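Enquirer: just to be clear, the model below is a prediction. Sequence and coordinates:
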Amino acid sequence: MTQTFWLTAAVLIILALAFIIAPMFFHRSGRRAELDLRNQNLLAYRSRMSELDREFEAGAMDEDSYRQLREELAGSMLDDVPDADRGVLESPAQVGGGKSSVAVVLASLVIIPAAAVFLYQQWGALDDVEQFRAMQEMMAADGDRLGQMQELTAQLRERLEESPENTDGWAMLGRTYMRLEQYSDAAWAFERLAGSIDNDDNGKAVAWGLSAQAQFFLSQGDLTPEVSDAIEKARTLNPDEVNALGLLGIYAFGQENYEEAIGYWERIVEVAPDHPQIGSIRQGIDQAYQRLGREAPTESAEVASGPGVTVRVEIDESFRDDIPEDTTLFVLARSAKGEGGPPLAVARLTAGQLPAEVRLDDRFNMSPDSKLSEASEVRVQARLSRSGNARPQAGDWEGQLDEPVAVTGTDTAPVTLVIDTQLVN
C-alpha cells in the first residue's frame, strides 16, 4: 500500500516538472532560430551598405542618390532587424536569462518533490487510509482464519497507536479483542476509545461500560477494583449506561441481592427497551422475582421469535434428590466452530423448573456483535450452579449434547439434553 502510494506520487511529480521544464527548452529553441534569422538580415544589410559606399566613392552615383538609397536601405533594415542596433548574436541579458532558466529548472527538481512530501506529511491522510483498509480486511476475514485475524488486529493496533484519533478504529479493535477472548487487550482498547471521544459524554460512558465488561469477563465474573473503577467512570458520565447496569445486576444476582439486581435490570428495560439482549434481561428479572418468592410483572415476558434452537433440559435421576430447587440453571449455546469461546446465548432458569423446554434465540444473546441467529450450528450445554455464577465451579452439575445443533428459523422439535455429570475440580 505505502510503496504503491509513493510510486504514484513520484509519477505525478515528474509530470508536474515536465510542465515547467518543457516550455523553457521549446522557448529557447524558438528564440535561437529568431536570432539566427536576425543576424543573417544584419549581415546582408552591412554587405549592401558597403557596396553603396564603394559605388559612391568610385563616382558611380551622385550624393543625392547615395543618400536616398542609404535611407531606403536603413528603413528596410529596421523592418527586418528590429534589434540591429545591438550588433550581436545574443546580448548579455539574453545570456543571463538562459542561466536563470537553468536555475529555475534545478530549483524545481529539488523544491517540488520536497514540498510535496512535507505538505503531505502535514495534511495528508495516509494513516487514516491504512487504518480504514485494515478495518475492511478485518471485517472480511472469516472466523476460521484465527491467525489472519490476529495479524490484522496487530496491524490495526499499531496504526491506531500512531494516529489515535480514529474512534471507529478503537471500537472495532476492542470488539475484535472480545471475539478473540483477549479481554485485557479489549479493556485497554475501549479505554483508548473513551480517551479519543470529545464532547460526547454518552459515547465516553459507553466506552467505559464496554471496558468494564471486558474486565468483568477477565475476572470471570468478579467485581474487581478494575471493574468497579470502569463502572464508576461510565455511570459518572451517564448513570443509565446499560453495560454498567447489566454488570451490576449480574453481580448482585450472584450475591443473592435479588432486589438490587431487579432494580438494575428494570432500569435497562426502561431506558433501553430495544436493547439487543432485552430477552435475557427480562428473564433475569423473572428469575430474581422467583428467588424472592414473588410473581414477576407480566410485561417482562416476551414471545420467542427468529432463528434459534429448542432444547428440553432434564436431570439425571441419580442427582435429582441432591439438587435444591432454587439452584441456578444456565442453558448456553456456543458457536460450533472451534472449541470454547464465550456463549452466543444464555438462558437462566432454576432446578425447580426442570424438566423444562427452552427456546434459545436472539432474545438471549450475550453480545450484539455475536448473534445466535447468524450461526448455522451451535453446541448446547446446561449447568446447575450452586453459587449462581456462570463460571464452572467444583460441585456444579452439567450436561451437554455431543453433536452440534442446527439453528433453524422455525420452532422445531426440541433436542433433549440431560444433566448427568458433577464437576470435581
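Expert: All right, it came through fine. Numbering: from 1, shown residues only.

Enquirer: helices of the stretch 201-350 of the chain, start to end?
Expert: 201-218, 225-237, 242-254, 258-271, 278-291 (DSSP state H, counting those that start in this stretch).

Enquirer: and of these, who's closest to residue 72?
Expert: Within the helices of the stretch 201-350 of the chain, the stretch nearest residue 72 is helix 201-218; the backing value is 91.9 Å (CB to CB). Glycine gets a C-beta too; all of them are placed from N, C-alpha and C.

Enquirer: okay, the closest residue to residue 309 other than its chain neighbours: pLDDT?
Expert: If the residues on either side of it in the chain are set aside, residue 309 comes closest to residue 405, at 4.8 Å by CB to CB, 6 or more residues apart in numbering. Per-residue pLDDT puts residue 405 at 91.

Enquirer: just residue 159 next, same as before
Expert: For residue 159, the pLDDT comes out at 84.

Enquirer: quick check: residue 196 vs residue 148, distance?
Expert: 26 Å (CB to CB, to the nearest Å).

Enquirer: ok, those two, which is more surrounded?
Expert: residue 196 (19 against 13; other CB atoms under 10 Å).

Enquirer: any idea how far residue 207 is from the more buried one?
Expert: In terms of CB to CB, residue 196 sits 9 Å off from residue 207.

Enquirer: over to residue 154?
Expert: Applying CB to CB to residue 154 and residue 207 gives a distance of 21 Å.

Enquirer: neighbour count winner among the two?
Expert: residue 207 (30 against 11).

Enquirer: give me every residue that touches the more buried one.
Expert: Residue 207 makes contact with 171, 190, 191, 193, 194, 197, according to CB atoms under 8 Å, 6 or more residues apart in numbering.

Enquirer: try it again with 10 Å
Expert: Taking CB atoms under 10 Å, 6 or more residues apart in numbering, we find residue 207 in contact with 167, 170-171, 174, 189-197, 200, 230, 233-234, 237, 241, 243.

Enquirer: before we move on, what about residue 171?
Expert: Counting by CB under 10 Å, 6+ apart, residue 171 has contacts 135, 189, 190, 192, 193, 196, 197, 203, 206, 207, 210.

Enquirer: just the element for it, please.
Expert: Taking DSSP states H and E as the definition, one finds residue 171 inside helix 167-179.

Enquirer: return the set of buried residues in that helix.
Expert: 167, 169, 170, 171, 172, 173, 174, 175, 176, 177, 178, 179 (16 or more other CB atoms under 10 Å).

Enquirer: what's the nearest residue to residue 330 if we skip its chain neighbours?
Expert: Spatial nearest neighbour of residue 330, excluding adjacent residues (CB to CB, 6+ apart): residue 383 at 4.9 Å.

Enquirer: wait, is that neighbour part of a strand?
Expert: Yes. Looking at residue 383 with DSSP: H, G, I helix; E, B strand; the rest coil, it is inside a strand.

Enquirer: ok, it - contacts?
Expert: Applying CB under 10 Å, 6+ apart, we find residue 383 in contact with 328-332, 346, 390-393, 396-400, 419, 421, 423.

Enquirer: surely residue 67 touches residue 56?
Expert: Yes. Under the criterion of CB atoms under 10 Å, residue 67 makes contact with residue 56 at 9.2 Å.

Enquirer: neighbour count: those two, which is higher?
Expert: Between residue 67 and residue 56, counting by other CB under 10 Å, residue 56 is the more crowded of the two (17 against 13).

Enquirer: give me the phi and psi for the more buried one.
Expert: phi -70, psi -40 (degrees, to the nearest 10).

Enquirer: where does the residue lying closest to it once chain neighbours are set aside fall, secondary structure wise?
Expert: Nearest non-adjacent residue to residue 56, counting by CB to CB, 6+ apart: residue 66, 4.3 Å away. Secondary structure assignment for residue 66, by DSSP H and E: helix 63-80.

Enquirer: related to what we said a few turns ago, the residue nearest to residue 309 contacts residue 379, correct?
Expert: Yes. The criterion here is CB under 10 Å, and residue 405 meets it with residue 379 at 7.5 Å.
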